[in-house]
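Q: Next input, structure requested:
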Amino acid sequence: MTGSKRPLVVLPDPILRQVSRPVEQINDDVRKLADDMLATMYEAPGIGLAAIQIAEPIRLITIDLAKEDDEPDPHIFVNPRIVALGDEPGTYEEGCLSIPDYFAEVERPATVTVEYRDLEGEKQTIEADGLMATCLQHEIDHLDGVLFIDHISRLKRDMVIKKFKKLAKERGGTRLL
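A: As a prediction, this is how the structure comes out:
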């Protein structure tokens, strides 16, 4: 992997609430951005990253669920779109690189079908369950300006937002370096 680590955008930066625009053309710039996203995600460390989290408001996500000792298994999704959600719920403790050190149980559909383009521009479909289903929904939410804390109680969400606003004020900004 040859990408460069990029600064992460953290709560309460308003860019996290932007709806990302579709990728018009898959070119070398998009491939370079995907490499940078993987480098950023691996260094953080995390298992998923949306382009908006590095201040690029386009519909691009990266996911790698490989365990620490396993060979990396990166997945890149251009213009991902959920086309079907399962009826059964699944619950995972979710965290987010843009909301560091905060975790909460989130219930989402246990299965999901997503259509997307790969880096060659080919149309793909993935049917996912378990952690991959959760991660896809979490990252696609980012593309729509939705954070995982929007799926928890209002009281908990308000407390998290208040905490991160205070931290941002103390450090003078919302970008991590």
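Q: Any buried residues in the helix or strand bottoming out on mean pLDDT in the chain, and which?
A: Of all helical and strand segments in the chain, the minimum by mean pLDDT, DSSP states H and E falls on helix 154-171, at a mean of 92. Going by neighbour count (16 or more other CB atoms under 10 Å), the buried part of helix 154-171 is 157, 160, 164, 168. (Each C-beta comes from the backbone N, C-alpha and C, glycine too.)
Q: cool, stretch 139-157 as well?
A: The neighbour-count check on stretch 139-157 (16+ other CB under 10 Å) flags 139-143, 145-149, 151-152, 157 as buried.
Q: Nearest to residue 68 among these?
A: residue 139 (20.2 Å; CB to CB).
Q: Would you agree the closest one falls within a helix?
A: Yes - applying DSSP: H, G, I helix; E, B strand; the rest coil, one finds residue 139 inside a helix.
Q: Quick one: the helices in this structure, in order.
A: 28-43, 130-143, 154-171 (DSSP state H).
Q: export the buried residues of helix 154-171 to TSV and tack on distance to residue 23?
A: Formatted as TSV, the buried residues of helix 154-171 follow (distance: CB to CB, whole Å):
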residue	distance to residue 23
157	30
160	30
164	29
168	29
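Q: isn't residue 9 right up against residue 50?
A: No - using CB atoms under 8 Å, residue 9 makes no contact with residue 50, being 9.9 Å away.
Q: which sections of this structure are below the confidence cut-off?
A: Residue ranges of the chain with pLDDT under 70: 1-2, 173-177.
Q: hmm, try it at 80
A: 1-2, 172-177 (pLDDT under 80).
Q: Can you show me the strands along it?
A: Using DSSP state E, the strands assigned to the chain run over residues 48-50, 60-63, 75-85, 89-96, 99-109, 111-117, 123-129.
Q: so what secondary structure elements neighbour the third one?
A: In this structure, strand 75-85 makes packing contacts with helix 28-43, strand 60-63, strand 111-117, helix 130-143, judged by 3 or more CB pairs under 8 Å, 6 or more residues apart in numbering; DSSP states H and E.
Q: in the longest one, what counts as buried?
A: It refers to helix 28-43. So, applying 16+ other CB under 10 Å, buried residues of helix 28-43: 30, 33, 34, 35, 36, 37, 38, 39, 40, 41, 42.
Q: list the contacts for the spatially closest residue to the fifth one that is not a sequence neighbour?
A: Read it as residue 36. Leaving aside its sequence neighbours, residue 36 sits nearest to residue 3 (CB to CB, 6 or more residues apart in numbering; 4.2 Å). By CB atoms under 8 Å, 6 or more residues apart in numbering, residue 3 lies in contact with 32, 34, 35, 36, 37, 38, 39, 40.
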